[in-house]
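K.L.:
mind looking at a prediction? Sequence and model below.
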Amino acid sequence: MGSPLSQIDVSLSTRSYPVIVGPGALASLADLLPQGASKIVAVTQPNIGIELDANYGAHVVYIENGEGVKSFTHLESLCRKFVELEISRSDVIVAIGGGVVTDLVGFAASVFHRGVPCINVATSLVGQVDAAIGGKTGINLPEGKNLVGAFSQPIAVICDTNHLGSLAKAEMQSGYGEMAKYCLLGIDDLEDLAFDTQIARCIELKAQIVAEDELESSGRRAILNYGHTLGHAIEGIYLARAGQQDPKVEVIKHGVAVGIGLAFAGSVAFKLGRISRERLERHFRVLDYFGLAKTIPGDLLPDDLLRFMGHDKKAMFSTPGSGISFVLDGESGVELVPNVPEDILVETIKELY
Ligand SMILES: NC(=O)c1ccc[n+]([C@@H]2O[C@H](COP(=O)([O-])OP(=O)(O)OC[C@H]3O[C@@H](n4cnc5c(N)ncnc54)[C@H](O)[C@@H]3O)[C@@H](O)[C@H]2O)c1
């Protein structure tokens, strides 16, 4: 019987790095450590409950749970911990966790001593199919998410699918939103595959897109934001409400918002005559397969969504004077489309309540 693990290489212009995927992938860590690394420092969250084998002799640093740790305060604490542990550029940092951990730790590793090698052990579904791969690291500002960061690729990524067994259902659901995105970006047979293979195929597609546009400079990488324009607007409005009104308001999960964004983007593309009804129905079928919502919550007003979408675009794609740019499906696949008429967006929002 062959190994249940797959290796996917992220091929960059200057080097490539492996992503090891499958049940028990964590055992590959020993082979991925840089030769001669004298110290291994694992950074994780206590609730994740994944410990490195005692043989590694790793120092373990715990950080808090939640998006709040992606901050300058926590970045400083972590770097000061690295000083205390006397980490040097010949050591290795292992980030063990979901996207919050790999974003913060990857950024800290990229700036500490101007760069210490970092391995990501992605333990959430969002982390495995998305956050841990591709080199986007960073922290948030009160003004917005991920506003401070760096492109800094890990030296290897481990996606041990056994780790997903302890992940909360809502966190899995969030990952499904990203998997639905990959499915619509070009994995036509995803539903026919075993779950671990589905994850590996999503990673393969992400690796390929990152290799084509590592620094998001050609526009190619922008297609990874498929479904995210409306998705970010939905998240943004709920986050603002949670902050300003009722702190107990349930903030929608990222991937769930992306799922609604995919239904919306498909509907906009259909209205613009870019895709057939059959292709639009494919969008809905994929969302149904993953048990994701296809309708916009009724308490989100078109004007508010439009305002947030415009803001998001300004941050992500600078196309001055071209109105709202949107990642949309079409005859030649998903691509960035400038000048999407606002009336079509509003009409589609109203249809999706
Ligand atoms: N850098 C990128 O390219 C990229 C891409 C997508 C998302 N992100 C970022 O990732 C973050 C979201 O990532 P996330 O959804 O993984 O959230 P997260 O890291 O907060 O993890 C979600 C929750 O699951 C817990 N958890 C993780 N693995 C677990 C396990 N195996 N068992 C039990 N609990 C576990 C975490 O402690 C946390 O409570 C956001 O900050 C987002 O901005 C980054």
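P.N.:
Looks like it came in fine. Residues are numbered from 1 along each chain as shown.
K.L.:
which ones are touching I20?
P.N.:
Contact partners of I20, counting by Cβ atoms under 8 Å, 6 or more residues apart in numbering, are L5, S6, Q7, S28, L32, A156, V157, I158, C159. C-beta: built from backbone N, CA, C; applies to glycine.
K.L.:
among those residues, which are in strands?
P.N.:
Cross-referencing these against strands under DSSP state E gives S6, Q7, A156, V157, I158, C159.
K.L.:
buried among the residues you listed? Need that as a selection in ChimeraX.
P.N.:
Of the ones in strands among the contacts of I20, the buried ones can be selected in ChimeraX as follows, counting by 16 or more other Cβ atoms under 10 Å:
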select :6,156,157,158,159
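K.L.:
who's in contact with the residue of the stretch 51-200 of the chain found nearest the ligand?
P.N.:
Across the stretch 51-200 of the chain, the shortest distance to the ligand (Cβ to the nearest ligand atom) belongs to G99, at 1.9 Å. Counting by Cβ under 8 Å, 6+ apart, G99 touches S124, V126, G127, D130, A131, A132.
K.L.:
who's in contact with the fifth one?
P.N.:
With contacts defined as Cβ under 8 Å, 6+ apart, A131 is in contact with G98, G99, T102, D103, A122, S124.
K.L.:
likewise the second one?
P.N.:
With contacts taken as Cβ under 8 Å, 6+ apart, V126 has the following neighbours: G98, G99, E171, S174, G175, E178, H254, G255.
K.L.:
change it to 6 Å
P.N.:
Residues counted as contacts of V126 (Cβ atoms under 6 Å, 6 or more residues apart in numbering) are G99, S174, G175.
K.L.:
what of G330?
P.N.:
By Cβ under 6 Å, 6+ apart, the contact set of G330 is R274.
K.L.:
ok, now how distant is it from the ligand?
P.N.:
G330 sits 24 Å away from the ligand, going by Cβ to the nearest ligand atom, to the nearest Å.
K.L.:
can you tell me the element that residue falls in?
P.N.:
Element membership for G330, per DSSP states H and E: none, as it lies in no helix or strand.
K.L.:
let's verify Y17: helix, strand, or coil?
P.N.:
Secondary structure, DSSP: H, G, I helix; E, B strand; the rest coil: Y17 is strand.
K.L.:
hmm, back to that, find the nearest non-adjacent residue to the residue of the stretch 51-200 of the chain closest to the ligand, please.
P.N.:
By the measure of Cβ to Cβ, 6 or more residues apart in numbering, the closest residue to G99 outside its immediate chain neighbours is A131, 3.2 Å from it.
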